[in-house]
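Visitor: how would this look folded up:
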Amino acid sequence: MNASATSGEHAALDSYVEKWLAVQPQQRIALAFVDPSRYPGHVALAALEQELLGAAYGIREPHVAATKLNWWAEELTSAPASGGRHPLTQVLFDDDRATTLGTERWLAPVLAAMAQLEEGTAADFPAQLAAASQLHGAWASLETAWWFGVDARADRAARVATLSHLLHGLLRLEEDADRDRLPLPMARLARHGLSRPQLRQPGSEREAAIKAQLNDLREAWRQARALPGPLSVFRSVESNQNHLAAHKAFKSPESLVALRKAQQRRGPAVAWQAWRAARAWQRGL
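Guide: I've put the predicted structure just below:
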């Protein structure tokens, strides 16, 4: 392969990694402990998750999202034999562990994403948690197997990945007020007498509903500590960041403002968390 082709492939890969880092800027700190030159597959896997989640949640037209997800299903099915066409797939399937995980594990998150495309708003928080766990649990199984081996339990990773998704949904409360699937469950909207237009504007009812959601998320995060299974470095950093963000937002008189501010948290505390997570990961290898 000539130098210009190699340079082009690296640029393509970097563009997907930057998309992931735009959503999770704190992971730039984690990259100091998961060197992309030594662990390119680990970084590519995180970027692939962002691609799938972008298709599952970021595309408003279900048929467009289904088309993109179907492409990924075909790509991941053929990748063990072809090596992949997409820059992320090529990096992943250049690593022997990709084929040892099995096609079923690679396909599970894509199929789960397709299955939930036209789901409406969940009835209550437990139903919301269960529905979101289908996609995020399947991804956690894949991610945990990649980082720790196929026998590693993914219970805790599945739960904190789901909770992070539900918290992220609150950040888009105003933008997604007209979508079929709302970030707040129906029971919570009914209890606080909230209409869709009211979700777009600050108000006491909206604030109370958000705080109730944040409180359920905080409790679920607390319970997740007792679940079995390790967390990847990236998942650990994400979970720690989001749990703290949920706590600070709950305590604030303006929950969404505090939540958005907390998402930008970086610095020594994040570096310490990433170091601890990396140390636990390396000990488990």
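
Visitor: show me what contacts Arg85?
Guide: The neighbourhood of Arg85, defined by C-beta atoms under 8 Å, 6 or more residues apart in numbering, consists of Glu75. From N, CA and C alone the C-beta is placed, and that goes for glycine too.

Visitor: where does it fall, secondary structure wise?
Guide: Remark: Arg85 resides in no helix or strand, with elements defined by DSSP states H and E.

Visitor: in the stretch 151-285 of the chain, where is pLDDT below threshold?
Guide: The model of the stretch 151-285 of the chain has pLDDT under 70 over residues 284-285.

Visitor: show me where it has its helices.
Guide: Using DSSP state H, counting those that start in this stretch, the helices found in the stretch 151-285 of the chain span residues 155-171, 186-191, 196-199, 204-224, 233-251, 255-262, 268-284.

Visitor: let me know the pLDDT of Arg60.
Guide: Predicted confidence (pLDDT) for Arg60: 89.

Visitor: could you do the one 3 residues further on as well?
Guide: Listed pLDDT for His63 reads 94.

Visitor: does Arg265 touch Asn240 like I think?
Guide: No - contact criterion C-beta atoms under 8 Å: Arg265 and Asn240 do not qualify, at 9.9 Å.

Visitor: which one's more surrounded, those two?
Guide: Per other C-beta atoms under 10 Å, whichever of Arg265 and Asn240 has more neighbours is Asn240, with 22 against 15.

Visitor: for Leu166, see how far away the more buried one is.
Guide: Separation of Asn240 from Leu166 (C-beta to C-beta, to the nearest Å): 16 Å.

Visitor: His63 now?
Guide: From His63 to Leu166 the distance is 25 Å (C-beta to C-beta).

Visitor: cool, and Ala269?
Guide: Going from Ala269 to Leu166 by C-beta to C-beta gives 23 Å.

Visitor: same question, Glu104
Guide: To Leu166, Glu104 is 26 Å away according to C-beta to C-beta.

Visitor: which one's more surrounded, the two?
Guide: Higher neighbour count among Glu104 and Leu166: Leu166, with 23 against 8, using other C-beta under 10 Å.
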